[in-house]
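Peer 1: Mind looking at a prediction? Sequence and model below.
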Amino acid sequence: MLQMNLIKKLKTSYQIKLSNNHRFLCHTMGSKTIVFDSSSWEKMAELSKPKDPGYIQFSQNDDYLYIKRTIGTICVYETGGFQLVKTINLIKNLGLS
């Protein structure tokens, strides 16, 4: 018979994404994004920008984490230390405001 053991219990997540190299597990909550090391389950980062994350994606080489806000802003983090590299305001850049 197949038996499964609980490894980590997460709070309510709106999106969960595993990096391409399976090193990071990232999940979005109401107002922040949490990144875990998937081998030790240590919390690597708690990212508060953007305020209401809607979509998350790792770059193909896993060097960057892209977090899109539900209303258009994209925050780019480098995955070495999860420092914010760039914020792109799509509404402002496209002249829609």
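Peer 2: Sure thing, it's come through.
Peer 1: for V76, helix, strand, or coil?
Peer 2: Under DSSP: H, G, I helix; E, B strand; the rest coil, V76 falls in the strand class.
Peer 1: Correct me if wrong: Q57 contacts K17.
Peer 2: Yes. The pair Q57 and K17 passes the contact test of C-beta atoms under 8 Å, sitting 6.8 Å apart. Where you see a C-beta, it was placed from the backbone N, CA and C, and this is true even at glycine.
Peer 1: The two: who's more crowded?
Peer 2: Legend: neighbour count by other C-beta atoms under 10 Å for Q57 and K17, higher for K17 (19 against 15).
Peer 1: in the protein, what spans have low per-residue confidence?
Peer 2: Scanning the chain for pLDDT under 70 picks out 91-97.
Peer 1: Helices of that one, residue ranges please.
Peer 2: Under the criterion DSSP state H, the chain contains helices at 90-93.
Peer 1: in it, which spans are strands?
Peer 2: Shown for the chain, the strands assigned by DSSP state E span residues 15-18, 24-28, 33-37, 43-47, 53-58, 64-69, 73-78, 84-89.
Peer 1: Just say which of those strands is most tucked in.
Peer 2: Mean neighbours per residue, mean count of other C-beta atoms under 10 Å, is largest over the strands of the chain for strand 24-28, with a mean of 22.
Peer 1: That strand - contacts with which helices or strands?
Peer 2: strand 15-18, strand 33-37, strand 53-58, strand 64-69 (3 or more C-beta pairs under 8 Å, 6 or more residues apart in numbering; DSSP states H and E).
Peer 1: That'll do, ta.
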